[in-house]
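J.: Structure of the sequence below:
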Amino acid sequence: MTRHTVAVLSAGLSQPSSTRLLADRLAEATGRELAGDGTPPDLVVIELRELAHDITDNLLTGFPSPRLRKAVDSVVSADGLIAVTPIFSASYSGLFKSFFDVLDAGALDGKPVLIAATGGTARHSLALEHAIRPLLTYLRAEVVPTAVFAASADWGAGTGEGRDLAERIGRAGSQLARAITRSDGPARHDSYREPAAFQTLLAG
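T.: Take a look at the predicted model:
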């Protein structure tokens, strides 16, 4: 049986963090689905708050520290990625974006990714579709259809909001697991094509 690896990226700034809590629940849901054949996945959790200085230094110098390189390698080599960020000013956090800025071009090509976010109120959930999904799509990752947002009210145990969140988490985890197992097959041809040079377009 194939033993998959899932990288779990949490950009929460506080400790404890609702962002990390959501990341853990998504990892559990994905792990249950992948363990259906009796082989649980390896879950590699990466707390970006612990790498904040390393990421900044890399942006300034172009050279990653050993522990940042280890985190990047874990993301790049994983069969799938769960990426969770808090929402600030209607978008992902600067720390979340900065981590993706240090990745090499093509590092996430075709990688199954589940995106999720946390925020104070449900009105911040739009950031998943207008900011986070476009970012991962630009990086040519395979982002699963269900994105999960958790507002403060969603964490109420036994409430309608809590049950809705649990359903979304289960659905997203199932989609990521299916995307990961699909990628076990023969290598897919990359359908991305580099844009033609401007002079070529003018020449017809």
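
J.: which stretches of the chain have low pLDDT?
T.: For the chain, applying pLDDT under 70 flags the ranges 1, 37, 156-162, 185-204.

J.: Which parts of the protein are strands?
T.: Ranges of strands within the chain are 5-10, 42-47, 80-88, 91-92, 112-119, 142-143, 148-151, based on DSSP state E.

J.: which ones are touching the most centrally placed residue in the chain?
T.: The centre of the chain sits closest to residue 83, judged by Cα atoms, centre = their mean, with a distance of 2.3 Å. Neighbouring residues of residue 83 by Cβ atoms under 8 Å, 6 or more residues apart in numbering: 9, 11, 96, 113-116, 132, 136. For every residue, glycine as well, the C-beta is placed using N, CA and C.

J.: one more time with 10 Å
T.: Residue 83 makes contact with 7-11, 23, 26, 46, 48, 75, 92, 96, 99-100, 108, 113-117, 132, 135-136, 141, 143, according to Cβ atoms under 10 Å, 6 or more residues apart in numbering.

J.: which of the residues in the helix ranked longest in the chain are buried?
T.: When the chain is parsed with DSSP state H, its longest helix is helix 160-182. By neighbour count on 16 or more other Cβ atoms under 10 Å, the buried set for helix 160-182 is 161, 165, 168-170, 172-177, 179-181.

J.: and what of stretch 13-26?
T.: For stretch 13-26, by 16+ other Cβ under 10 Å, it's 17-26.

J.: quick one on the thing from earlier: return the distance of the longest helix of the chain from the chain's centre.
T.: The chain centre lies 14 Å from the centre of helix 160-182; the measure is Cα atoms, centre = their mean, to the nearest Å.

J.: Also stretch 48-68?
T.: Using Cα atoms, centre = their mean, the mean C-alpha position of stretch 48-68 is found 19 Å from that of the whole chain.
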